[in-house]
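Asks: Here is my input, please return the structure:
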Amino acid sequence: MSHKITVSVLTLWLGILNGCGAARPSKYYQLTVPGDTTTAADPTPYPVTLLLGPITSSHLYREDHIVYSSGAQNMGTYEYQRWAAPPTEMIEDVLLRQLRASRRYRAVYSLHSNIHGDYLLHGHLYDFKEVTGGTLVARVTLELELRDTKTGATVWTHFYTHDEPVSGKDVSGVVAAIDRNAQQAVNEIRAGVDQYFSTHLPGNSTPAQ
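Replies: Residues are numbered from 1 along each chain as shown. This next block holds a predicted model:
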């Protein structure tokens, strides 16, 4: 009887080991994060404390799965290829660092801090995915708005959408294309916010473009 029990336990243990050995490891990817000195310091930064609020999205982009789509309605996620953090959080981090590194503002904080700001920048992420079709592309669609915290008025908005061609047919190529696309989106947003303050703050008389 004891012999049968020992064999059964051994068989179960070998099954567990085989199962563990067959497990496929997950791969994680992240967006390129800028350093602290990407732009030379401006001698006269805008007298503005800027708050970066949350970027909202559907649950797909608030999780770490890499999303793909093969049509207007069909979407899915890769099981073993994932982001190091949800796309919404990665974009917030890149944008926050870019705004700070520009040194164009008195201060830039996350809304999660207990700092009072003059303006709130926040938005919504619509697409952050691989799209298959005639060609393989990485699609990023993002909308941002700037709100005056004193009046509650929205003073600036920017809508970005772009399909970046993917080099190759593997997930790493898709990730690289999404990264390029996201960096372009952040650069456009930063430039747009800078343009707004260059023409709308007291003492700035440059005509609006």
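Asks: what does stretch 109-127 contact?
Replies: Here stretch 109-127 makes contact (Cβ atoms under 8 Å, 6 or more residues apart in numbering) with 48-57, 61, 87-88, 91-92, 95-96, 99, 107, 139-150, 155, 161, 189, 193. No exception for glycine: its C-beta is placed from N, CA and C like everyone else's.
Asks: Tell me the secondary structure at Q195.
Replies: Of the three states, Q195 takes helix under DSSP: H, G, I helix; E, B strand; the rest coil.
Asks: Which of the contacts of stretch 109-127 fall within helices?
Replies: Among the contacts of stretch 109-127, the subset assigned to helices under DSSP state H consists of P87, T88, I91, E92, L95, L96, L99, I189, V193.
Asks: Make sure H162 is actually in contact with A182.
Replies: No. Judged on Cβ atoms under 8 Å, H162 makes no contact with A182 at a distance of 9.8 Å.
Asks: so what's in contact with these two at the same time?
Replies: V140.
Asks: the more surrounded of the two?
Replies: Using other Cβ atoms under 10 Å, the more surrounded residue of H162 and A182 is A182, with 25 against 17.
Asks: Hmm, the more buried one is touching L95, no?
Replies: No. Using Cβ under 8 Å, A182 and L95 do not qualify as a contacting pair, with a distance of 9.5 Å.
Asks: so how many other residues sit close to P86?
Replies: Neighbours of P86 under the rule other Cβ under 10 Å: 21.
Asks: for it, what are its contacts?
Replies: Taking Cβ under 8 Å, 6+ apart, one finds Y61, R62, E63, D64 in contact with P86.
Asks: Overlap in contacts, A182 and L95.
Replies: Common contact partners of A182 and L95 (Cβ under 8 Å, 6+ apart): none.
Asks: what's stretch 56-75 in contact with?
Replies: Contacts to stretch 56-75, defined as Cβ under 8 Å, 6+ apart, come from residues 28-29, 76-78, 81-88, 122-126, 128-133, 171, 174-175.
Asks: In PyMOL, how would I select the buried members of these?
Replies: The following PyMOL line selects those of these that are buried, judged by 16 or more other Cβ atoms under 10 Å:
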select buried, resi 29+81+82+83+85+86+87+88+122+123+124+125+126+128+129+130+131+171+174+175
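Asks: For stretch 72-88, C-alpha coordinates in PDB please.
Replies: C-alpha atoms of stretch 72-88 as PDB (Å, rounded to 0.1, in the frame of the first residue of the first chain):
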ATOM      1  CA  ALA A  72     -12.900  47.100 -37.700                       C
ATOM      2  CA  GLN A  73     -14.400  45.000 -34.900                       C
ATOM      3  CA  ASN A  74     -12.000  42.100 -34.300                       C
ATOM      4  CA  MET A  75      -9.500  42.600 -31.500                       C
ATOM      5  CA  GLY A  76      -7.300  40.300 -29.400                       C
ATOM      6  CA  THR A  77      -4.300  40.300 -27.100                       C
ATOM      7  CA  TYR A  78      -1.000  38.500 -27.100                       C
ATOM      8  CA  GLU A  79      -0.600  36.000 -24.100                       C
ATOM      9  CA  TYR A  80       3.100  36.000 -23.700                       C
ATOM     10  CA  GLN A  81       4.100  39.400 -25.100                       C
ATOM     11  CA  ARG A  82       3.200  42.200 -22.700                       C
ATOM     12  CA  TRP A  83       4.000  45.800 -21.800                       C
ATOM     13  CA  ALA A  84       6.000  46.500 -18.700                       C
ATOM     14  CA  ALA A  85       3.100  48.800 -17.600                       C
ATOM     15  CA  PRO A  86      -0.300  49.700 -18.900                       C
ATOM     16  CA  PRO A  87      -0.100  51.900 -22.000                       C
ATOM     17  CA  THR A  88      -2.000  54.700 -20.300                       C
END
